[in-house]
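Novice: Fold the following, please.
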Amino acid sequence: MPNNQFAIEKNVEMPVGGATRGVQYPFADMVKDDSFLVPVPAVAASITDKEERKRAFSENATRVKNRLSGAVGRYRKRDQSRKFALRTLDKGVRVFCVESPTPTAAKKATAAKKATATKKPTAAKKPTAAKKATAAK
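Specialist: Numbers count the residues shown, from 1 in each chain. Got it, this is the predicted structure:
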């Protein structure tokens with residue numbers, strides 16, 4: 001039984017790209033021992049109980065830390081040469097770069113990627129007369 005809910009159209013030009021978000025965190029610019037702080041949203045002023053304020057801050061910090069953890073994971077799919085650690089502090093969540101390639105190694109890796117990307121496949125060479133004679137024996 002055919003599904004007539006959607007009309008199939010042929011030769012419709014596909015739009016170029018979609019909306020993409022820019023880079024939100026500076027992971028690519030970090031080297032070992034660099035860090036940055038992401039502030040935790042302020043707790044509502046209407047919460048006056050000290051324990052309740054502490055719990056609200058903890059919940060907000062957990063949300064920020066989860067968001068950062070996801071961002072680190074997505075970044076590491078593209079660049080596994082850097083490693084990061086997250087720590088919750090009094091004012092927010094700090095992201096530490098705990099491992100990164102040396103600047104020269106990073107440049108070499110980038111150059112190697114560019115070289116392999118621009119390298120064209122070579123056509124197979126035809127065997128020479130000497131190789132043909134050796135193969136015939």
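Novice: partner strands of the lengthiest strand in the chain, parallel or antiparallel?
Specialist: Ranked by number of residues, the top strand in the chain under DSSP state E is strand 92-99. Strand 92-99 sits in its sheet next to strand 35-39 (antiparallel), strand 83-88 (antiparallel), going by DSSP bridges.
Novice: So which residues make contact with stretch 67-80?
Specialist: Residues outside stretch 67-80 that contact it (Cβ atoms under 8 Å, 6 or more residues apart in numbering) are 24-25, 27-28, 38, 82-84, 86, 93, 95. For every residue, glycine as well, the C-beta is placed using N, CA and C.
Novice: now the residues you listed: which count as buried?
Specialist: Using 16 or more other Cβ atoms under 10 Å as the burial test, those include 25, 27, 38, 82, 84, 93, 95 as buried.
Novice: residue ranges with poor pLDDT in the chain?
Specialist: The model of the chain has pLDDT under 70 over residues 1-3, 19-20, 103-137.
Novice: pull the longest helix from it.
Specialist: helix 50-78 (DSSP state H).
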